[in-house]
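1. please find the sequence and the predicted model below.
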Amino acid sequence: MAAAKRSSRSAVAADGLADRKRRASRVVRQLKKDFPDAECALLHDSPFQLLIATILSAQCTDERVNQVTPALFAKYPTPADFARAPLSAIEQAIQSTGFFRNKAKSIKACCTALVEEHDGQLPQTLEEMTALAGVGRKTANVVLGTAFRKPTGVVVDTHVGRLSRRLGLTDQNDAVKVERDLMEILPKKEWIDYSHRLIYHGRQVCKARKPACDECSMLKFCPQIGVAV
């Protein structure tokens, strides 16, 4: 039976902050070469559309969200349209994204707040964004970073967390703690694009079940934490 590489916790514990910063720098440089044009996978034409799409993406694939949103935004193009819509109609429109009742409540409440408290416009601070229904730190970071190019944090989804552990940049499993570690070792100017590019790398090369290590441009310096050998 194949044995596993070092555990994430023991490997990162053995590396100091300076070591992790150096490795992070190499990761950033390589990702820039491999995926220079990487961008958010959620299709959108405005910051508002990105907000709604990101709320829908919880526990759902980006592909499924992208199938749902064209018709959804055609029917409800503005926050006011969502705020006025019957909850049951929103539920029906987003049902295939899963957890649709909770998502519909969040979207309606979020859009009501946008209309009543922000004149229908998206706020551009982390504090104001996370005060909206259905908007946690991750969603706020996605919208503020992608739509407004404001690096308020590092977006940590499944791919970003998994690959950051595999690369020895963190030993944490909790997304908030992973983000904290990444913010410590990544230059702030890289926070936004790091996530987009690492997601592409996770989908195309470093897959969860069968990473293509022999084809990976980072093989020379990746500690391959958790990869069976």
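-> Arrived safely, thanks for sending.

2. per-residue confidence for the residue nearest to Cys60 when sequence neighbours are not counted?
-> Leaving aside its chain neighbours, Cys60 sits nearest to Thr97 (4.5 Å; criterion: C-beta to C-beta, 6 or more residues apart in numbering). Just so you know, the C-beta spots here come from the backbone N, C-alpha and C atoms, and that holds for glycine as well. Thr97 carries a pLDDT value of 98.

3. so Thr97 touches Arg64, yeah?
-> Yes - counting by C-beta atoms under 8 Å, Thr97 sits close enough to Arg64 to count as a contact (5.9 Å).

4. more crowded one of those two?
-> Using other C-beta atoms under 10 Å as the criterion, Thr97 and Arg64 rank with Thr97 on top: 23 against 14.

5. assign Pro36 to helix, strand or coil.
-> What DSSP: H, G, I helix; E, B strand; the rest coil gives for Pro36 is coil.

6. give me the pLDDT for it.
-> At Pro36, the pLDDT value in this model is 97.

7. from Arg197, how far out is it?
-> Between Pro36 and Arg197 the distance, using C-beta to C-beta, to the nearest Å, works out to 8 Å.

8. any idea how many residues pack against Lys33?
-> 9.

9. any idea which element it lies in?
-> helix 17-34 (DSSP states H and E).

10. and the next helix or strand past that helix?
-> The first helix or strand that comes after helix 17-34 along the chain, using DSSP H and E, is helix 47-56.

11. next SSE downstream of that next one?
-> Following helix 47-56 in sequence order, the next helix or strand is helix 62-75 (DSSP H and E).

12. any idea how far that following helix is from the chain center?
-> Here helix 62-75 is found 18 Å from its chain centre; the criterion is C-alpha atoms, centre = their mean, to the nearest Å.

13. quick one: buried residues of it?
-> By 16 or more other C-beta atoms under 10 Å, the buried positions in helix 62-75 come out as 62, 65-66, 68-69, 72-73.

14. okay, those in CSV with pLDDT and distance to Asn173 next?
-> Below are those laid out as CSV (pLDDT from 0 to 100; distance: C-beta to C-beta, whole Å):
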residue, pLDDT, distance to Asn173
Asp62, 95, 22
Val65, 98, 25
Asn66, 98, 28
Val68, 98, 30
Thr69, 98, 30
Leu72, 98, 33
Phe73, 98, 35
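
15. many thanks, have a good one.
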